[in-house]
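**Student:** Just a sequence and a predicted model for now, questions to come.
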There are 2 protein chains.
Amino acid sequence: MNAGPIHPAERMLSSLIAKAVQDFAMIRPGDRILIAASGGKDSTALAYDFSRRVRYSAIPFGIGALHVATEYSDPGTEENLRRLFAEWEVPLGVTRVSLHDRLKPGRKMNCYWCSTQRRTELINFALREGYNKIALGHHLDDIIETLFMNMTQKSELSTMMPVLAYRKYPITILRPLALLEERQIVQFAVAMGLDRVTCSCSHQDRSRRKKIRTGIEALTGGRGELKRNIFRSMGNVNSEYLPRVP
Amino acid sequence: MNAGPIHPAERMLSSLIAKAVQDFAMIRPGDRILIAASGGKDSTALAYDFSRRVRYSAIPFGIGALHVATEYSDPGTEENLRRLFAEWEVPLGVTRVSLHDRLKPGRKMNCYWCSTQRRTELINFALREGYNKIALGHHLDDIIETLFMNMTQKSELSTMMPVLAYRKYPITILRPLALLEERQIVQFAVAMGLDRVTCSCSHQDRSRRKKIRTGIEALTGGRGELKRNIFRSMGNVNSEYLPRVP
């Protein structure tokens, strides 16, 4: 490490996270923010940024991270996370859960169920360790995908919120990557050499999500500007021009 | 013509138009409805249906049609319309406008401008001839396309309404095909032999619309059920789960 120029990929990541933090008022003085560290590129990029942000922010706050390991986790993931987070001085907890043991008889493993289990672990850990916020690695493409999933599957205009306070717990969910395209996070991960140490779940069966993703690429021609227009449209509901089916 | 069984394509068309007429309260006693007859399959199918509907409806109303011919119109279109509408006993007016003469110097012809000119002709004719409603041939796919056009181009959640009252004129726009997929209208047109006599504008440069259409096909896998879910989602705005960008 030497005092060289700031890498363009780091500039992009930090400025778009800074914008989200400010636009959605994500950080208040004294916050204790738990980063959900899956080992994938998204949450690892988030942890990198927050390891700097916590040091340079004008607002004092604290961070930590939790990795929830399951039988689907790659064994190298935990090791990489321990090494990286030690370098970045982000306190890392690791919880091990067996998804199979928790699965009720006759039920099949799926992404929704697995993510619910991991969310429960995160909430319990946060409550126990005194965190009031949990930061997740969802990005702009995830948020638009969820919008279109909800439109086509649930007949509802809704998505994942950049900031969402739980009603049942004294905990708020943050999505600081809300303004970043996945493409931009990949650029960052490649530039920082993180693409070789991050790893996402190999169990994934996301055929519906894949169709949605293909559809969004066709709708937007992959142009970030049009994706940002879609994001902005969600806050610009012209209800006089939205038919209501009885 | 003999008293044979109802064709399945006619059953589908009439039942989905009946549902739209009822769901969106399109027809009131004494209405005089002007059908915008472009010569394409959509408005021709609409005119066929309304030629029967006006005869069998429990609510008394009247209909007529207007074809706005431009220099882009196929010469056979008007002839076909005259023959078909005479058979169906739908009074047909024809107005001729030169789009080129109206175009301001330096401006280029485009779909938006042409449709605005034709709309003006329809409104003027309706006002002069005592019509209080204008029925257009837009269908479910058009409405979803417009939603996605507005999201990606205007950053707005909005679309074409099944029923829309003008503020400036004593005229209401109807879209009785709002619940029909284009695929279903094509089926009807083929079954009725209308596919050989209908003709749409050949000038069209709809590259953006084509991309949107490809995107929607990918999002929905072409499944009508998912398209109808998207349509329903527009009336189901969960504003607590729609981020508002400052």
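**Tutor:** Great, that's in hand. Numbering: from 1, shown residues only, chains lettered A, B, ... in the order given.
**Student:** what comes up buried for the worst-scoring helix or strand of chain A on mean pLDDT?
**Tutor:** Across the helices and strands of chain A, mean confidence by mean pLDDT, DSSP states H and E is lowest for helix A:99-102: a mean of 82. In terms of neighbour count (16 or more other CB atoms under 10 Å in any protein chain shown), helix A:99-102 has its buried residues at A:Leu99. C-beta here means a position set from N, CA and C on the backbone, and glycine is covered the same way.
**Student:** Check stretch A:46-57 too.
**Tutor:** The neighbour-count check on stretch A:46-57 (16+ other CB under 10 Å) flags A:Leu46, A:Ala47, A:Tyr48, A:Asp49, A:Phe50, A:Ser51, A:Arg53, A:Val54 as buried.
**Student:** what do you get for stretch A:159-172?
**Tutor:** Residues A:Thr159, A:Met160, A:Met161, A:Pro162, A:Val163, A:Leu164, A:Ile171, A:Thr172 are the ones in stretch A:159-172 that count as buried (16+ other CB under 10 Å).
**Student:** strands paired with the lengthiest strand in chain A, and their directions?
**Tutor:** Criterion DSSP state E: the longest strand present in chain A is strand A:62-69. According to DSSP bridges, strand A:62-69 forms sheet pairs with strand A:32-36 (parallel), strand A:92-96 (parallel).
**Student:** closest one to B:Ala18 among those strands?
**Tutor:** Ranking those by distance to B:Ala18, with CB to CB as the measure, places strand A:32-36 first at 51.3 Å.
**Student:** Other residues contacting stretch A:106-123?
**Tutor:** Stretch A:106-123 is contacted by residues A:34, A:36, A:38, A:66, A:68, A:70, A:72, A:95, A:97, A:99-100, A:102-103, A:134, A:166, A:169, A:171, A:201, A:203-206 when judged by CB atoms under 8 Å, 6 or more residues apart in numbering or on different chains.
**Student:** now do stretch A:128-140
**Tutor:** The contact list for stretch A:128-140, computed with CB under 8 Å, 6+ apart, reads A:26, A:31-36, A:38, A:40, A:42-46, A:50, A:64, A:93, A:122-123, A:125-126, A:160, A:170-182, A:185, A:227-228, A:231.
**Student:** Make a PyMOL selection of the buried ones in those.
**Tutor:** To isolate the buried ones among the contacts of stretch A:128-140 in PyMOL, judged by 16+ other CB under 10 Å, type:
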select buried, chain A and resi 26+31+33+34+35+36+38+40+42+43+44+45+46+50+64+122+123+125+126+160+171+172+173+174+175+176+177+178+179+180+181+182+185+227+228+231
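**Student:** So which of the contacts of stretch A:128-140 belong to strands?
**Tutor:** Those of these mapping onto strands are A:Arg32, A:Ile33, A:Leu34, A:Ile35, A:Ala36, A:Gly64, A:Gly93, A:Thr172, A:Ile173, A:Leu174, per DSSP E.
**Student:** Ignoring the adjacent residues along the chain, who's closest to the second one?
**Tutor:** So that's A:Ile33. Nearest non-adjacent residue to A:Ile33, counting by CB to CB, 6 or more residues apart in numbering or on different chains: A:Lys133, 4.5 Å away.
**Student:** Which residue is the nearest non-sequential neighbour of A:Ile144?
**Tutor:** Leaving aside its sequence neighbours, A:Ile144 sits nearest to A:Ile230 (CB to CB, 6+ apart; 5.4 Å).
**Student:** just A:Asn229 next, same as before
**Tutor:** Nearest residue to A:Asn229, sequence neighbours excluded (CB to CB, 6+ apart): B:Ser155, at 4.4 Å.
**Student:** mind checking how far the one you found is from B:Pro105?
**Tutor:** 32 Å (CB to CB, to the nearest Å).
**Student:** Look at these two and report which has more neighbours.
**Tutor:** B:Ser155 (18 against 4; other CB atoms under 10 Å in any protein chain shown).
**Student:** ok, that one touching A:Arg232?
**Tutor:** Yes - between B:Ser155 and A:Arg232 there is a contact under CB atoms under 8 Å: 4.0 Å.
**Student:** thought the residue nearest to A:Ile144 was touching B:Thr152?
**Tutor:** Yes - between A:Ile230 and B:Thr152 there is a contact under CB under 8 Å: 6.0 Å.
**Student:** how far off strand A:32-36 does the helix or strand harbouring A:Arg119 point, in degrees?
**Tutor:** Following DSSP states H and E, one finds A:Arg119 within helix A:111-129. Orientation check (axes from the mean of the first three to the mean of the last three CA atoms, to 10 degrees): helix A:111-129 against strand A:32-36 gives 150 degrees.
**Student:** mind listing what's buried in helix A:111-129?
**Tutor:** Neighbour counts over helix A:111-129 (16+ other CB under 10 Å) mark A:Cys114, A:Gln117, A:Arg118, A:Glu121, A:Leu122, A:Ile123, A:Phe125, A:Ala126 as buried.
**Student:** Serialize those to TSV and add fields for pLDDT.
**Tutor:** Output for these, formatted as TSV (pLDDT from 0 to 100):
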residue	pLDDT
A:Cys114	84
A:Gln117	91
A:Arg118	92
A:Glu121	96
A:Leu122	98
A:Ile123	98
A:Phe125	98
A:Ala126	98
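**Student:** If we only consider those residues, which is nearest to chain B?
**Tutor:** Here the nearest of the buried residues of helix A:111-129 to chain B, counting by CB to the nearest CB, is A:Ile123; it sits at 19.0 Å.
**Student:** how close does the closest one sit to A:Pro170?
**Tutor:** Note on A:Ile123: its distance to A:Pro170, by CB to CB, is 10 Å.
**Student:** try A:Asn80
**Tutor:** Distance of A:Asn80 to A:Pro170, given as CB to CB: 32 Å.
**Student:** what does A:Ala45 give?
**Tutor:** The spacing between A:Ala45 and A:Pro170, counted by CB to CB, is 28 Å.
**Student:** got it, and A:Thr198?
**Tutor:** When CB to CB is the yardstick, A:Thr198 and A:Pro170 sit 31 Å from each other.
**Student:** What of A:Leu164?
**Tutor:** The gap separating A:Leu164 from A:Pro170 is 13 Å, by CB to CB.
**Student:** for A:Ala65, same thing?
**Tutor:** From A:Ala65 to A:Pro170 the distance is 20 Å (CB to CB).
**Student:** quick one, phi psi at A:Asp31?
**Tutor:** When read as degrees, to the nearest 10, the backbone of A:Asp31 gives phi -60, psi 140.
**Student:** residues touching it, list them.
**Tutor:** A:Ile59, A:Phe61, A:Gly62, A:Asn132, A:Lys133.
**Student:** For the first one, grab the count of nearby residues.
**Tutor:** Looking back up the chat, that one is A:Ile59. By other CB under 10 Å, neighbour count at A:Ile59 equals 13.
**Student:** That one contacts A:Arg28, doesn't it?
**Tutor:** Yes - between A:Ile59 and A:Arg28 a contact is recorded at 6.9 Å, counting by CB under 8 Å.
**Student:** and the residue positioned nearest the centre of chain A, what pLDDT?
**Tutor:** Here the mean C-alpha position of chain A is nearest to the C-alpha of A:Gly137 (CA atoms, centre = their mean), at a distance of 1.5 Å. In this model, A:Gly137 is scored at 97, pLDDT.
**Student:** same question, A:Pro243
**Tutor:** On the pLDDT scale, A:Pro243 is placed at 96.
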